[in-house]
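Q: Give me the fold of what follows.
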Amino acid sequence: SVSLHKHDYLIYSVIAWEHIDAELFLYIFLPILLFGEAMTLNIHQVKKALLPSLLLAGPGAAFGAYLLALVAYYILPNNWNWILCMLFGSILCATDPVSVVALLKHEASSSTSTMRLTYLIIGEALLNDATALVLFAAISQRMAGYN
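A: From the prediction side, this is the model:
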């Protein structure tokens with residue numbers, strides 16, 4: 001029998017992750033993560049923060065994707081076409097405020113305004129990710145139509 005060295009396990013692990021199905025993340029891991037976050041939320045605070053979160057996330061993610069596409073098209077030296085730049089922007093437009101949310105959750109018991117801000121940021125982050133995913137799917141389908 002052949003003994004494996006420690007770095008061999010790392011190589012096999014990287015190879016396994018390179019060939020993992022992308023749908024696995026969407027249909028297995030993502031719902032688990034969303035469910036874990038949703039279980040900690042107060043439904044009344046979520047209802048109060050839903051409309052402002054929607055107003056921040058939808059147009060904010062689309063505008064962020066557009067600005068990032070402009071940077072990729074005019075500043076980066078890649079010579080990408082506009083659709084590819086928009087796809088790039090849709091990937092990078094989703095922000096992840098993990099450290100801010102952790103700090104606000106720690107301070108959330110101190111005041112009502114801090115709790116409202118916490119739920120606004122959490123709601124905006126979740127909806128921002130969803131908007132970015134929809135943008136990516138729409139732009140990638142558009143790209144597939146060009147090929």
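Q: Helices along the chain, start to end?
A: 6-18, 22-24, 30-38, 43-74, 82-92, 98-107, 112-146 (DSSP state H).
Q: Kindly compare burial across those helices and name the winner.
A: Of all these, helix 82-92 has the most neighbours on average by mean count of other C-beta atoms under 10 Å, namely a mean of 20. The C-beta positions use only the backbone N, C-alpha and C, and glycine is treated the same way.
Q: what residues does that helix touch?
A: Helix 82-92 is touched from outside by 64-70, 72-73, 80, 132, 135-136, 139-140, 142-143, 146, with contacts defined as C-beta atoms under 8 Å, 6 or more residues apart in numbering.
Q: now the angle from that helix to helix 112-146?
A: 150 degrees (axes from the mean of the first three to the mean of the last three C-alpha atoms, to 10 degrees).
Q: Next, give phi and psi for Ala94.
A: Phi and psi for Ala94, reported as degrees, to the nearest 10, are phi -80, psi 120.
Q: how close does it sit to Ile43?
A: Using C-beta to C-beta, to the nearest Å, one gets 24 Å for the distance from Ala94 to Ile43.
Q: ok, the residue positioned nearest the centre of the chain - contacts?
A: Taking C-alpha atoms, centre = their mean, the centroid of the chain lies closest to Asp129, which sits 3.8 Å from it. If you count contacts by C-beta under 8 Å, 6+ apart, Asp129 has them with Ala94.
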